[in-house]
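K.L.:
After the sequence you'll find the predicted model.
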Amino acid sequence: MPVNDFDKSPFVGLREAFEIVGKASLGDAWHKSVFEKDAPNHKVVLTRLRNILRSGDVAAHWHTSDHEVSGQLQPVDVDHEYFSIRLHEDTMFHAGVNEPVLCRVHVKQLQSCLLDLDDSQPSFTSAAEQKCHEWFVDLISKTEQARLSVNETEKVAREKFQNVSGAGIKRARLAAVRQTGKHDIFRSGRAKNKPMT
(Lines give C-alpha, C1' and ligand atoms only; values in the text may rest on other atoms or scores of the structure.)
Protein backbone atom coordinates (compact mmCIF):
# COMPACT_ATOMS: atom_id res chain seq x y z
CA MET A 1 0.00 0.00 0.00
CA PRO A 2 1.59 3.35 -1.01
CA VAL A 3 2.21 5.91 1.67
CA ASN A 4 0.64 9.26 0.81
CA ASP A 5 2.71 12.45 0.84
CA PHE A 6 0.96 13.73 3.96
CA ASP A 7 2.28 10.76 5.99
CA LYS A 8 5.83 11.60 4.88
CA SER A 9 5.40 15.27 5.68
CA PRO A 10 8.20 16.97 7.59
CA PHE A 11 5.50 18.96 9.43
CA VAL A 12 3.76 18.20 12.74
CA GLY A 13 0.67 19.62 14.42
CA LEU A 14 0.78 22.09 17.29
CA ARG A 15 0.25 19.45 20.00
CA GLU A 16 3.19 17.43 18.71
CA ALA A 17 5.29 20.61 18.37
CA PHE A 18 4.39 21.49 21.99
CA GLU A 19 5.51 18.02 23.11
CA ILE A 20 8.82 18.33 21.21
CA VAL A 21 9.50 21.71 22.86
CA GLY A 22 8.41 20.35 26.24
CA LYS A 23 10.70 17.32 26.10
CA ALA A 24 13.65 19.45 24.97
CA SER A 25 13.01 22.12 27.61
CA LEU A 26 12.04 19.98 30.60
CA GLY A 27 13.97 16.77 29.97
CA ASP A 28 13.02 14.17 32.60
CA ALA A 29 10.46 16.56 34.11
CA TRP A 30 8.31 16.26 30.96
CA HIS A 31 4.96 14.55 31.45
CA LYS A 32 1.76 14.52 29.38
CA SER A 33 0.10 16.51 32.18
CA VAL A 34 2.03 19.58 30.95
CA PHE A 35 -0.66 19.87 28.24
CA GLU A 36 -3.07 21.02 30.98
CA LYS A 37 -3.24 24.80 31.51
CA ASP A 38 -2.82 24.55 35.27
CA ALA A 39 0.33 22.38 35.06
CA PRO A 40 3.42 24.09 36.56
CA ASN A 41 5.49 24.06 33.34
CA HIS A 42 2.65 24.58 30.86
CA LYS A 43 3.19 28.31 30.45
CA VAL A 44 6.98 27.93 30.07
CA VAL A 45 6.65 25.39 27.25
CA LEU A 46 3.81 27.27 25.55
CA THR A 47 5.77 30.55 25.69
CA ARG A 48 8.83 28.87 24.20
CA LEU A 49 6.76 27.38 21.37
CA ARG A 50 5.13 30.74 20.69
CA ASN A 51 8.49 32.52 20.72
CA ILE A 52 9.99 29.94 18.36
CA LEU A 53 7.08 30.52 15.96
CA ARG A 54 7.53 34.28 16.41
CA SER A 55 11.22 34.01 15.51
CA GLY A 56 10.51 33.21 11.87
CA ASP A 57 13.27 30.56 12.01
CA VAL A 58 10.76 27.70 11.77
CA ALA A 59 8.42 27.24 8.82
CA ALA A 60 4.77 26.81 9.76
CA HIS A 61 1.75 26.60 7.48
CA TRP A 62 -1.89 27.08 8.42
CA HIS A 63 -5.29 26.56 6.82
CA THR A 64 -8.92 26.96 7.78
CA SER A 65 -10.93 23.80 8.47
CA ASP A 66 -12.61 24.07 5.04
CA HIS A 67 -9.20 24.61 3.35
CA GLU A 68 -10.49 27.77 1.64
CA VAL A 69 -7.88 30.05 3.19
CA SER A 70 -4.29 29.10 3.95
CA GLY A 71 -0.85 30.60 4.23
CA GLN A 72 2.55 30.59 5.81
CA LEU A 73 2.63 31.68 9.44
CA GLN A 74 4.48 34.99 9.75
CA PRO A 75 6.14 36.42 12.89
CA VAL A 76 3.67 39.32 12.70
CA ASP A 77 0.76 36.84 12.90
CA VAL A 78 2.15 35.27 16.09
CA ASP A 79 2.80 38.68 17.63
CA HIS A 80 -0.84 39.77 17.15
CA GLU A 81 -2.60 40.40 20.46
CA TYR A 82 -5.40 37.90 19.67
CA PHE A 83 -3.11 35.06 18.52
CA SER A 84 -3.41 31.99 20.72
CA ILE A 85 -2.42 28.35 20.60
CA ARG A 86 -5.28 26.01 21.50
CA LEU A 87 -3.63 22.72 22.34
CA HIS A 88 -6.77 20.70 23.11
CA GLU A 89 -8.17 21.41 19.63
CA ASP A 90 -4.68 21.28 18.01
CA THR A 91 -5.42 24.70 16.49
CA MET A 92 -4.37 28.32 16.83
CA PHE A 93 -6.49 31.45 16.62
CA HIS A 94 -5.41 33.46 13.58
CA ALA A 95 -6.55 37.10 13.80
CA GLY A 96 -6.15 37.59 10.03
CA VAL A 97 -9.03 35.22 9.28
CA ASN A 98 -10.66 35.73 12.70
CA GLU A 99 -11.06 32.02 13.44
CA PRO A 100 -9.16 29.00 14.72
CA VAL A 101 -7.00 27.37 12.03
CA LEU A 102 -5.03 24.16 11.76
CA CYS A 103 -1.28 24.67 11.78
CA ARG A 104 1.65 22.43 10.88
CA VAL A 105 5.21 23.17 12.05
CA HIS A 106 8.42 22.00 10.32
CA VAL A 107 9.81 19.43 12.75
CA LYS A 108 13.49 19.47 11.67
CA GLN A 109 13.67 23.28 11.87
CA LEU A 110 11.93 23.15 15.27
CA GLN A 111 14.46 20.62 16.58
CA SER A 112 17.35 22.66 15.16
CA CYS A 113 16.00 25.78 16.86
CA LEU A 114 15.81 23.90 20.17
CA LEU A 115 19.45 22.82 19.86
CA ASP A 116 20.40 26.51 19.77
CA LEU A 117 18.45 27.19 22.95
CA ASP A 118 20.55 28.64 25.73
CA ASP A 119 19.15 27.95 29.22
CA SER A 120 19.95 31.52 30.25
CA GLN A 121 17.98 32.83 27.27
CA PRO A 122 14.49 33.73 28.50
CA SER A 123 12.90 33.55 25.07
CA PHE A 124 13.46 33.52 21.35
CA THR A 125 13.11 36.73 19.40
CA SER A 126 12.85 36.95 15.67
CA ALA A 127 16.02 37.60 13.73
CA ALA A 128 14.39 40.72 12.28
CA GLU A 129 13.45 41.95 15.77
CA GLN A 130 17.04 41.39 16.91
CA LYS A 131 18.30 43.43 13.94
CA CYS A 132 15.78 46.14 14.80
CA HIS A 133 17.09 46.14 18.38
CA GLU A 134 20.67 46.49 17.12
CA TRP A 135 19.58 49.35 14.85
CA PHE A 136 17.99 51.17 17.82
CA VAL A 137 21.13 50.64 19.94
CA ASP A 138 23.26 52.11 17.15
CA LEU A 139 20.87 55.04 16.65
CA ILE A 140 20.67 55.86 20.37
CA SER A 141 24.41 55.47 20.91
CA LYS A 142 25.42 57.70 18.02
CA THR A 143 22.82 60.45 18.27
CA GLU A 144 23.91 63.91 19.36
CA GLN A 145 20.30 64.95 20.08
CA ALA A 146 19.07 65.13 23.65
CA ARG A 147 15.62 63.79 22.64
CA LEU A 148 14.30 61.54 19.90
CA SER A 149 10.68 61.24 18.83
CA VAL A 150 9.14 57.82 19.53
CA ASN A 151 6.70 58.19 16.62
CA GLU A 152 9.34 59.25 14.09
CA THR A 153 11.92 56.63 15.07
CA GLU A 154 9.33 53.82 15.20
CA LYS A 155 8.00 54.93 11.80
CA VAL A 156 11.51 54.63 10.33
CA ALA A 157 11.92 51.25 12.05
CA ARG A 158 8.59 50.00 10.57
CA GLU A 159 9.76 50.99 7.08
CA LYS A 160 13.17 49.39 7.62
CA PHE A 161 11.97 46.20 9.36
CA GLN A 162 8.67 45.30 7.71
CA ASN A 163 8.57 41.77 9.16
CA VAL A 164 8.60 43.10 12.73
CA SER A 165 5.26 43.89 14.35
CA GLY A 166 4.53 47.15 16.13
CA ALA A 167 4.88 45.34 19.47
CA GLY A 168 8.23 43.90 18.34
CA ILE A 169 9.50 47.36 17.38
CA LYS A 170 8.47 48.72 20.77
CA ARG A 171 10.22 45.82 22.55
CA ALA A 172 13.36 46.43 20.47
CA ARG A 173 13.31 50.17 21.26
CA LEU A 174 12.80 49.67 24.99
CA ALA A 175 15.51 47.00 25.17
CA ALA A 176 17.89 49.36 23.35
CA VAL A 177 17.14 52.12 25.86
CA ARG A 178 17.90 49.73 28.73
CA GLN A 179 21.09 48.53 27.05
CA THR A 180 22.42 52.02 26.32
CA GLY A 181 21.31 53.48 29.64
CA LYS A 182 19.88 56.59 27.91
CA HIS A 183 16.54 56.44 29.68
CA ASP A 184 15.59 60.06 28.93
CA ILE A 185 16.17 59.94 25.17
CA PHE A 186 12.51 59.22 24.31
CA ARG A 187 10.90 61.25 27.11
CA SER A 188 8.57 63.99 26.00
CA GLY A 189 9.32 67.61 26.71
CA ARG A 190 12.49 69.61 26.53
CA ALA A 191 15.79 68.35 27.79
CA LYS A 192 16.91 69.90 31.05
CA ASN A 193 19.32 72.76 30.57
CA LYS A 194 22.85 71.93 31.54
CA PRO A 195 24.51 74.55 33.72
CA MET A 196 26.97 76.61 31.73
CA THR A 197 30.55 76.63 32.97
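P.N.:
Cool, got the structure. Numbers count the residues shown, from 1 in each chain.
K.L.:
switch to C-alpha atoms for all contacts and neighbour counts from now on
P.N.:
Fine.
K.L.:
Check which residues of whichever strand or helix holds Arg158 are buried.
P.N.:
Per DSSP states H and E: Arg158 is located in helix 150-160. Buried positions in helix 150-160, judged by neighbour count with 16 or more other Cα atoms under 10 Å: Glu154, Ala157, Arg158.
K.L.:
Need the residues that contact it.
P.N.:
When contacts are defined by Cα atoms under 8 Å, 6 or more residues apart in numbering, helix 150-160 is touched by residues Cys132, Val164, Ser165, Gly166, Ile169, Lys170, Phe186.
K.L.:
The residue lying closest to the first one once chain neighbours are set aside in helix, strand or coil?
P.N.:
Leaving aside its chain neighbours, Cys132 sits nearest to Ala172 (6.2 Å; criterion: Cα to Cα, 6 or more residues apart in numbering). Here Ala172 is recorded as helix under DSSP: H, G, I helix; E, B strand; the rest coil.
K.L.:
looking at it, Ala172 is touching Asp138, isn't it?
P.N.:
No: the criterion here is Cα atoms under 8 Å, and Ala172 misses it with Asp138 at 11.9 Å.
K.L.:
of those two, who's got more company?
P.N.:
Ala172 (25 against 13; other Cα atoms under 10 Å).
K.L.:
and that one, what pLDDT?
P.N.:
pLDDT for Ala172: 87.
K.L.:
Same check on Ser188?
P.N.:
Per-residue confidence (pLDDT) for Ser188: 63.
K.L.:
count of neighbours near Gly71?
P.N.:
11.
K.L.:
mind listing what it touches?
P.N.:
Gly71 touches His61, Trp62, His63, counting by Cα under 8 Å, 6+ apart.
K.L.:
All the helices of the chain, residue numbers only.
P.N.:
Here the chain has its helices, by DSSP state H, at 14-26, 42-55, 75-78, 107-115, 127-142, 150-160, 166-180.
K.L.:
quick check: angle from the last one to helix 127-142?
P.N.:
I take that to be helix 166-180. With axes from the mean of the first three to the mean of the last three Cα atoms, to 10 degrees applied, the angle from helix 166-180 to helix 127-142 works out at 40 degrees.
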